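1. sequence? don't have it. structure:
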DNA sequence: TCCGTGGAGTTGATGTGTCAACTCTAGGTC
DNA sequence: GACCTAGAGTTGACACATCAACTCCACGGA
């Protein structure tokens, strides 16, 4: 009963290869962000989401929805980023209204810079090495997988947490 | 200069889809492990690696190499798993020799169970929905990516941290 | 007005991951 | 034997992730 009859070697090699590739790629991109922009991936996600709001203040709940994060995670992350000077919580404490979140000037600078740098890194490490066939197969597979694993969320919503925006905001 | 000219919409959609699929899949599998076996993915990785050693004690360094983890990370993880009763550090402290790592009976039980359960989950969520074409393209792409991003590590080495072993150990 | 209830956000506890600094031992050199 | 150094392992500090418990306020009904 110590015999593993779970996955055969071929299946396992496929899984192992995919898992390893996925891990190395995300690790590489995260390190690039840290090295080139001095921000972490979670910081990047928050910065970009706020940046795309083009100056409008977001609530914690909107941010959480948009990032597909837990509200608690957002709150903790904002606390750290407030300390670093990237974001501000407005209408907070005194008069008893709920918190709105907004980028500081420093946050806007970091976001704008990171989007460009990170985009380059994505292109270099992910997009450029892809053959057209691989691109179309991987895209189809990814969309299938997302549909299977994420039944909610209408097609319209929410850029994922880990990427540059499709088009720049008009923000100052 | 607030214009993003980093990735065009098509490129971005591809990246977003892949990123999202990857994240949802790993999240789902990790939750399955937690729910069905009450262990985390890092715990699973360590359990399986030790289990594959079939009773032989591993050193921290070997474990780190095998998992492609930092030694420090391994040490922290072992400290937690020692508390949970999954592993033991032997030859430690008293007579001044270095630590060997070994599974407890409880650790062996958990490993054996988890491999089977996790294998089923991988099959259900990853392998089964794959068409043959997708399987072969994804495999080729993954292997390319690994070669590009992980130039060291001879082909022989090291099962990745996140998977069941290709074949069961003979360990009791 | 008082109470109950629910949503929004925060907080604390604990586990995970990374970096840098540290300890200990073995082994070489004088 | 005393020193030096290199390697193995640990530790501490901090960022990140998740869960459960908490606060605060709005609103609705008795």
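-> That came in fine, so what should we check first? What you see is a predicted model, and the numbers here were worked out from it, not measured in a lab.
2. The top helix by length along chain A vs helix B:9-37, what angle?
-> Looking across chain A with DSSP state H, the single longest helix is helix A:9-37. Between helix A:9-37 and helix B:9-37, the angle comes out at 120 degrees (axes from the mean of the first three to the mean of the last three Cα atoms, to 10 degrees).
3. chain center to the helix or strand where residue A:64 lies, what's the gap?
-> Counting by DSSP states H and E, the element that carries residue A:64 is helix A:60-67. Helix A:60-67 sits 12 Å away from the centroid of its parent chain (Cα atoms, centre = their mean, to the nearest Å).
4. do the same with stretch A:129-140
-> Its chain's average C-alpha position is 21 Å from that of stretch A:129-140, according to Cα atoms, centre = their mean.
5. Show the average pLDDT along that stretch.
-> Averaging pLDDT along stretch A:129-140 yields 94.
6. Roughly how far does residue A:148 sit from DNA strand D?
-> Going from residue A:148 to DNA strand D by Cβ to the nearest atom of the strand, to the nearest Å gives 19 Å. Quick note: C-beta positions are derived from backbone N, CA and C, even for glycine.
7. Just the strands from chain A, written as ranges.
-> Assigned by DSSP state E, chain A shows strands spanning A:58-59, A:87-90, A:100-103.
8. so which of those comes closest to residue B:128?
-> In terms of Cβ to Cβ, the element of the strands of chain A nearest to residue B:128 is strand A:58-59, at 38.8 Å.
9. sorry, back to before: who are the packing partners of the helix holding residue A:64?
-> Other helices and strands packing on helix A:60-67, by 3 or more Cβ pairs under 8 Å, 6 or more residues apart in numbering or on different chains; DSSP states H and E, are helix A:41-52, helix A:71-84.
10. Give the buried residues for it.
-> Using 16 or more other Cβ atoms under 10 Å in any protein chain shown as the test for burial, helix A:60-67 gives A:60, A:62, A:63, A:64, A:65, A:66, A:67.
11. same deal with stretch A:18-25?
-> Buried, per 16+ other Cβ under 10 Å, within stretch A:18-25: A:18, A:19, A:20, A:21, A:22, A:23, A:24, A:25.
12. Contacts only, for the first one.
-> Remark: with contacts taken as Cβ atoms under 8 Å, 6 or more residues apart in numbering or on different chains, residue A:18 is in contact with B:126, B:138, B:139, B:142.
13. ok, residue A:61 - contacts?
-> If a contact means Cβ under 8 Å, 6+ apart, then residue A:61 has residue A:71 as its contacts.
14. Out of the buried residues of stretch A:18-25, which is nearest to DNA strand D?
-> Distance to DNA strand D, by Cβ to the nearest atom of the strand, is smallest for residue A:23 among these, at 13.9 Å.
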